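Student: have a look at this fold, sequence not included:
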């Protein structure tokens, strides 16, 4: 056995053997899964968890634990096997239930489901970017609270697929520029993809690539089964104090199977019974599925003397720094609790104000009361208003800076925000133009899936972009994002509604992943009863902005179209057609209200028209007819385009009259 895995202690050998075996057994039982990578990386995982990583199995959510991210999430059985072997609450039964409904061991790691799983990984490359966000969060909190309370590292395992995906370039380039020295990424260079050898499509020099980003690179070569060599590389990464580190490890997928090693089939196909038996004979383990030594997790936990000592020392620091420790605990559990004390200066009724301008006002008001708030943009900071007043840029020379300049890297920005949010203690706000939500969308989806409290701010929300033309006019994006489960897509009616909704979102300790969609152009600030209704009910997702006695119809709108609809309702009332106006800034919030409230707002006994400068798909769940835009925009002044597409008060009046005629 020692010739298979050199340098391993008896406990480490036993752990490796069990992990390699279950990496074959669990996918075989599930009839799906990825065995080969988990088998090949078992020595790396064991060396990391046993010799270097700062963790405490009895307290998996310890605030100052190292963060471990399996970016190549298809190898999830590796993480589950490690968690079991090191005494976390992942049982033999959980391993047997791999990929079964509602188990602790899903097909890819899911945050909040399994101990040791920090982020939801699966789509390749995003875990690497999440790791950048976690390393950044650690640095900011360390600068705020000191090394005695915050001093940990982020470890990421990535594969060929992670490095091939474009997000790896964005995230790695940013991490190098930031000098995130407590971030280490292992590149599992196994030369195999689903289609075959990586050389079919990949001939990059990964070491040169990452050195060009400003990373330290350690090329381990054929040392995937040498625990002492792996440990030396780990400690080399720890010794680096100015750069993130990439450790390149040449592994052999499916090792030590004589029939499956270095084959593409080892990536995603369960091994045959014969192949499993052959590999187990070489391992020296019983040819019986799911054979474990029940005493092993306890023995390994007892062997983690350095980790236990680190944990106890941290507890002592908490006791001796109780005030700072309490603040840290508060910041990681109730990040926005102090915002209830913030007063917001509202904009004057009927004044013209773009909702994006309200974003800056609310940031000015809350940033001083919310030390965990970070603000950033993908190179559009002045345009989006996501700026911390007197904020210091985040960087190696200002590790406590909360203003983040992500550069032109929308996808990485989104995934880095997710990493910050799931780390704890940080509430990230990031921004760009709405049309670039396409570039952020994969990260937004995982933010919603993993319940990451990230606020994605999108400005220049529709055809109001004007002369920039159809490439910059996000016609279909609202509906695209509304299709994402759990995601709150919020399009405020005016500047004051923006102020209050953003404050409420940031003050919520369980803030949902949110896409805030704001206008470039000025909108009229609501006044009178409409303003009161917004202040009292906008957080419910929909409200009656204008009621009418003996109303004959309802117009439903969002964002810039609320003002247009109010003007149209006035004209309709004067013509003898009393009209109600409903503002619906957030469908998800509205759908969560009681049926009684929804019915009181929508009044489905009346004919209804929905008005939105975007795709009409989806609106028919609320309205009988829709005035929207189902084709790409044009390059022209904004006013001309609104006329061209019929998003005007006059067009609403005409459409309502036609609707009423069809009901007679």
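Tutor: Nice, thanks for sending it over. Remember, predicted model here, so these are calculated numbers, not experimental data.

Student: so where's the protein shaky on pLDDT?
Tutor: 1-2, 335-338 (pLDDT under 70).

Student: for burial, what's the neighbour tally of residue 621?
Tutor: Look at residue 621: counted by other Cβ atoms under 10 Å, it has 8 neighbours. To be clear about C-beta, it is placed using only N, CA and C from the backbone, and glycine gets the same treatment.

Student: tell me the spacing between it and residue 294.
Tutor: 54 Å (Cβ to Cβ, to the nearest Å).

Student: swap in residue 402?
Tutor: 48 Å.

Student: which of the two has more neighbours?
Tutor: residue 402 (24 against 7).

Student: got the contact list for the more buried one?
Tutor: Each residue near residue 402 by Cβ atoms under 8 Å, 6 or more residues apart in numbering is listed here: 140, 367, 373, 374, 375, 388, 391, 392, 394.

Student: what does residue 167 give?
Tutor: So residue 167 contacts 125, 126, 128, 129, 411, 412, 415, 442 (Cβ under 8 Å, 6+ apart).

Student: next step: these restricted to helices.
Tutor: The helices, defined by DSSP state H, take in 126, 128, 129, 411, 412, 415, 442 from the contacts of residue 167.

Student: dump those residues to TSV, plus distance to residue 492 and neighbour count.
Tutor: Putting the ones in helices among the contacts of residue 167 into TSV (distance: Cβ to Cβ, whole Å; neighbours: other Cβ atoms under 10 Å) gives the following:
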residue	distance to residue 492	neighbour count
126	29	30
128	34	31
129	29	33
411	26	25
412	27	31
415	26	33
442	25	17
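
Student: can you tell me the SS state at residue 556?
Tutor: Secondary structure, DSSP: H, G, I helix; E, B strand; the rest coil: residue 556 is strand.

Student: helix or strand right after the helix or strand that residue 529 is a member of?
Tutor: In this assignment (DSSP states H and E), residue 529 forms part of helix 528-537. Next along the chain after helix 528-537, taking DSSP H and E as the criterion, comes strand 543-546.

Student: run the chain-centre distance for that following strand.
Tutor: Distance of strand 543-546 from its chain centroid, counting by Cα atoms, centre = their mean, to the nearest Å, is 33 Å.

Student: now that strand: buried residues?
Tutor: 543, 544, 545, 546 (16 or more other Cβ atoms under 10 Å).

Student: again, but for stretch 319-327
Tutor: Neighbour count says stretch 319-327 has 321, 324, 325 buried, by 16+ other Cβ under 10 Å.

Student: quick one, strands of the stretch 301-450 of the chain?
Tutor: With DSSP state E, counting those that start in this stretch as the criterion, the stretch 301-450 of the chain has strands at 352-353, 373-377, 403-405, 427-433.

Student: oh sorry, the question was meant for the stretch 51-200 of the chain
Tutor: 67-70, 154-159, 183-188, 192-193, 196-197.

Student: in a markdown table: the ones you listed, plus mean neighbour count and distance to residue 348.
Tutor: Compiled in a markdown table, these are given as follows (neighbours: other Cβ atoms under 10 Å; distance: least, Cβ to Cβ, whole Å):
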| stretch | mean neighbour count | distance to residue 348 |
| --- | --- | --- |
| strand 67-70 | 28 | 47 |
| strand 154-159 | 28 | 47 |
| strand 183-188 | 28 | 47 |
| strand 192-193 | 23 | 60 |
| strand 196-197 | 12 | 66 |
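
Student: could you dump the ones you listed to a markdown table with distance to residue 145?
Tutor: Shown next, in a markdown table, are the strands of the stretch 51-200 of the chain (distance: least, Cβ to Cβ, whole Å):
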| stretch | distance to residue 145 |
| --- | --- |
| strand 67-70 | 17 |
| strand 154-159 | 17 |
| strand 183-188 | 19 |
| strand 192-193 | 43 |
| strand 196-197 | 48 |
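
Student: tell me which of these lies nearest to residue 343.
Tutor: strand 67-70 (37.1 Å; Cβ to Cβ).

Student: what lines up beside that closest one in the sheet?
Tutor: When pairing is defined by DSSP bridges, strand 67-70 lines up against strand 154-159 (parallel).

Student: isn't residue 240 up against residue 179?
Tutor: No - the pair residue 240 / residue 179 is not scored as a contact, 10.2 Å apart, by Cβ atoms under 8 Å.

Student: of those two, which one has the most company?
Tutor: residue 179 (18 against 15).

Student: contact partners for that one?
Tutor: Taking Cβ under 8 Å, 6+ apart, one finds 214, 242, 243, 244, 395, 396 in contact with residue 179.

Student: quick one: the nearest residue to the last one once chain neighbours are set aside from residue 394, how far?
Tutor: Among residues not flanking residue 396 along the chain, residue 179 sits closest, at 3.5 Å (Cβ to Cβ, 6 or more residues apart in numbering). Counting by Cβ to Cβ, the gap from residue 179 to residue 394 is 11 Å.

Student: cool, residue 265 as well?
Tutor: From residue 265 to residue 394 the distance is 45 Å (Cβ to Cβ).

Student: I'd say residue 478 and residue 490 touch.
Tutor: No - taking contacts as Cβ under 8 Å, residue 478 lies outside contact range of residue 490: 10.6 Å.

Student: any shared contact partners between these two?
Tutor: residue 517.

Student: what's the most distant pair in the contacts of residue 167?
Tutor: The farthest-apart pair in the contacts of residue 167, when distances are taken by Cβ to Cβ, is 128 and 442, at 13.0 Å.

Student: residue 18 versus residue 116, what's the distance?
Tutor: For residue 116, the distance to residue 18 (Cβ to Cβ) stands at 16 Å.

Student: ugh, typo on my part, it should be residue 167
Tutor: Applying Cβ to Cβ to residue 167 and residue 18 gives a distance of 34 Å.

Student: ditto for residue 574
Tutor: Counting by Cβ to Cβ, the gap from residue 574 to residue 18 is 79 Å.

Student: for the two, indicate the residue with more neighbours.
Tutor: Set side by side, residue 574 and residue 18 show more neighbours around residue 18, with 25 against 9, by other Cβ under 10 Å.

Student: just checking, what packs against the helix or strand encompassing that one?
Tutor: Under the criterion of DSSP H and E, residue 18 resides in helix 10-30. Helix 10-30 sits against helix 36-47, helix 76-85, helix 92-96, helix 273-283, helix 296-303, with contacts defined as 3 or more Cβ pairs under 8 Å, 6 or more residues apart in numbering; DSSP states H and E.

Student: report the inter-axis angle for that helix versus helix 36-47.
Tutor: Here the directions of helix 10-30 and helix 36-47 differ by 150 degrees (axes from the mean of the first three to the mean of the last three Cα atoms, to 10 degrees).

Student: please point out which parts of helix 10-30 sit buried.
Tutor: Buried residues in helix 10-30 (16+ other Cβ under 10 Å): 11-30.

Student: residue 416: neighbour count?
Tutor: Count around residue 416 with other Cβ under 10 Å applied: 34.

Student: gap between it and residue 454?
Tutor: 10 Å.

Student: name the residues contacting each of these two.
Tutor: Common neighbours of residue 416 and residue 454 (Cβ under 8 Å, 6+ apart) are residue 428.

Student: distance check, the nearest residue to residue 59 once chain neighbours are set aside against residue 272.
Tutor: Once flanking residues are discounted, residue 59 sits nearest to residue 311: 7.0 Å by Cβ to Cβ, 6+ apart. From residue 311 across to residue 272, the span is 43 Å (Cβ to Cβ).

Student: then residue 447?
Tutor: 39 Å.

Student: one more: residue 404?
Tutor: Taking Cβ to Cβ, one finds residue 404 at 50 Å from residue 272.
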